[in-house]
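> need a 3D model of the following:
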Amino acid sequence: MKTILLSGFEPFGGDRYNASQEIVRLLDGSEVADHRITTVTLPCEFGRSALDLRRALRRHRPVLVVCLGQAADRCAITPERVALNVDDAPIPDNAGNRPLDTPVIAGGPAARWTGLPVNAVVAALRARGIPAEVSQSAGTYVCNHVFYVLMHLLQRRRGVRGGFMHVPCLEGSIPGKSGLPLATLVEAVRTVLAVCLEPGRDMVETGVDRLT
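From the prediction side, this is the model:
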């Protein structure tokens, strides 16, 4: 059985929970469209998160990789369109690192496009009544760091699709933030994985630029 690699992050910034971590805990070992989901929880640290992702790619050899991160200020599921080659941390990561205006990969292109059909993903989620929209920026924190490294690594893995998606926080987990129920978030991620595995679902069809 072919493998999907799904990653989430540990809590950061003083939060008790990270929705992405709770999602991957529930989905680990389950199946979508005859593919088995294998998961990894990444540290919220520049550098080490990318190393752990690289190890997971080598170990599991997935055909699809979707990395998840929490964006507590967002109210919708937001697949990311582009990763930027810059680390510029508004707060320190969990190891105390705070890079400013630093390239993720020295000498790499300024940006890398996602490999996911983001418009098709949004349409499928909305059809299920789940709030969703395409995001044009993953920020410049650890989420973007992992996203950029992922797309860099997949340049050498032909036939492997991958990308990054932000999810809102868990409902009730952060004062002042609305969030979504965990069951809704899990349903959303399963829907996204199924869409990405559909035969003939091409980036050009869905309005997303091809990788260069």
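
> neighbouring contacts of the longest helix seen in the chain?
In the chain, taking DSSP state H as the definition, the longest helix is helix 182-197. Residues from elsewhere that reach helix 182-197 (CB atoms under 8 Å, 6 or more residues apart in numbering): 4, 6, 19, 22-23, 26-27, 32-33, 35, 37, 64, 66, 68, 77, 79, 116-117, 120-121, 124-125, 128, 130, 132, 161, 165, 167-168, 170-171, 180, 201. Every residue, glycine included, has its C-beta placed from N, CA and C.

> PyMOL command for the buried members of those?
Only the buried entries of the contacts of helix 182-197 go into this PyMOL selection, using 16 or more other CB atoms under 10 Å:
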select buried, resi 4+6+19+22+23+26+27+32+35+37+64+66+68+77+79+116+117+120+121+124+125+130+132+161+165+167+168+170+171+180+201
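
> pull up the gap between residue 149 and residue 173, please.
When CB to CB, to the nearest Å is the yardstick, residue 149 and residue 173 sit 27 Å from each other.

> same question for residue 34.
For residue 34 relative to residue 173 (CB to CB), the value is 33 Å.

> higher neighbour count, those two?
Looking at residue 34 and residue 173 with other CB atoms under 10 Å, you find the greater number of neighbours at residue 173, namely 19 against 8.

> the more buried one contacts residue 179, correct?
Yes - A contact is recorded between residue 173 and residue 179 when judged using CB atoms under 8 Å, the distance being 6.1 Å.

> now the common contact residues for these two.
Residues touching both residue 173 and residue 179 (CB under 8 Å, 6+ apart) are residue 19.

> tell me the contacts of residue 4?
Contacts of residue 4 (CB under 8 Å, 6+ apart): 32, 35-38, 62-66, 193, 197.

> still on that earlier bit, what are the buried residues along the longest helix of the chain?
For helix 182-197, a neighbour-count test (16+ other CB under 10 Å) marks 182, 184-193, 195-197 as buried.

> ok, stretch 172-182 next?
For stretch 172-182, the neighbour count (16+ other CB under 10 Å) marks 173-174, 177, 179-180, 182 as buried.

> this completes my enquiry, with thanks.
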